[in-house]
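Participant: Sequence and predicted structure below; questions after.
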Amino acid sequence: MTQQKRVMLISGIISAILGLLAGFLGGRLAAPPAATTPAVMRAGDFQLVDREGRQRGRWGVDPHGVARLALFGSNAAAPLVSLAADPQGGAHLELGDANRQKAVEIKTELKGARQVALYHEGHLRLNLEVQPNGEPAVNLYDRGSRLITLGLTRRGDPRLVFAGEGQKTALELMGGKTGDRSLTLHEKNGTPRLVLGLKDDKKAALGLFDRRGKTRVALMDEPSLIFLKSGKLVKVLP
């Protein structure tokens, strides 16, 4: 090979190497490519299965537009965890136990009501709630009936209620920030029959009512004893 040809060959090799290096360095020094947008998956129903092919979870939207997430145990026919959100803005979380019975329930409603319920062997035993007007309460249940309610009024006054048959009020205790106190006894149907009260921490009063809830006798510490019939004054004793 002549010297001229060797020079041309070496020059071509050097040019190729320089071109390769330039391309490599250019790629390293260039700005990184823009991040790609993650793919979006759209579906109306997702199912989660274990290695044996058993359904362990499900996520979807039912025909009423409620989005639901359900998680199952390995041998559970009913979900152990159920979470739902309805189109109106309410939410519902329910936890089950090993016996496929409801154990805990949490609810929120569009109008502002909040509830937390605890169950034993599928029966409601304790309920915590906040009404839309802001009044909180603790309710105790037995055999499906509410027997005791402890709560606060909108003004922040404590209130304790014992219920009887049909969840009708049987006894009610009230206390007020202004010093008002009262104890009310109710008939079986919920009608008040006797009230013992204290006004402004000073004036005591006792009221007796007929079966229609109208005052029959009022005793106050002024002192005065007042007798009424059908809501009309009959006699007053000093």
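Facilitator: Done, it's in. Residues are numbered from 1 along each chain as shown.

Participant: How about L219: what's its closest non-neighbour residue?
Facilitator: L206 (4.3 Å; C-beta to C-beta, 6 or more residues apart in numbering). Placement of C-beta: from N, CA and C, glycine included.

Participant: Beyond the helix or strand containing the one you found, next helix or strand please.
Facilitator: Following DSSP states H and E, one finds L206 within strand 203-209. Where DSSP H and E defines the elements, the next helix or strand beyond strand 203-209 is strand 215-220.

Participant: tell me the angle of that following strand relative to strand 203-209?
Facilitator: 160 degrees (axes from the mean of the first three to the mean of the last three C-alpha atoms, to 10 degrees).

Participant: Return the distance of A85 relative to R58.
Facilitator: Going from A85 to R58 by C-beta to C-beta, to the nearest Å gives 15 Å.

Participant: ugh, typo on my part, it should be P136
Facilitator: P136 sits 35 Å away from R58, going by C-beta to C-beta.

Participant: Surely L194 is in contact with D210?
Facilitator: No: if you go by C-beta atoms under 8 Å, L194 and D210 don't touch, sitting 11.3 Å apart.

Participant: just for the protein, where's the confidence low?
Facilitator: Applying pLDDT under 70 to the chain picks out residues 1-37, 76, 222-223, 225, 227-238.

Participant: domains of it?
Facilitator: Per automatic domain parsing, the domain ranges recorded for the chain read 43-134, 143-238.

Participant: Redo these as a markdown table? Include mean neighbour count.
Facilitator: Shown next, in a markdown table, are those (neighbours: other C-beta atoms under 10 Å):
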| stretch | mean neighbour count |
| --- | --- |
| domain 43-134 | 14 |
| domain 143-238 | 14 |
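
Participant: hey, C-alpha coordinates of stretch 138-155 in CSV?
Facilitator: Extracted in CSV, the C-alpha atoms of stretch 138-155 (Å, rounded to 0.1, in the frame of the first residue of the first chain):
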residue,chain,number,x,y,z
VAL,A,138,-73.7,8.8,72.3
ASN,A,139,-76.4,6.1,72.0
LEU,A,140,-76.4,2.7,73.7
TYR,A,141,-78.5,-0.1,72.3
ASP,A,142,-79.7,-3.5,73.4
ARG,A,143,-81.6,-6.0,71.2
GLY,A,144,-81.9,-3.3,68.5
SER,A,145,-83.5,-0.7,70.8
ARG,A,146,-81.9,2.6,71.9
LEU,A,147,-82.0,2.7,75.7
ILE,A,148,-79.6,5.5,76.7
THR,A,149,-78.6,8.8,74.9
LEU,A,150,-76.0,11.2,76.2
GLY,A,151,-75.6,14.4,74.2
LEU,A,152,-75.4,18.1,74.0
THR,A,153,-77.9,20.6,72.7
ARG,A,154,-77.0,23.3,70.1
ARG,A,155,-76.4,25.7,73.0
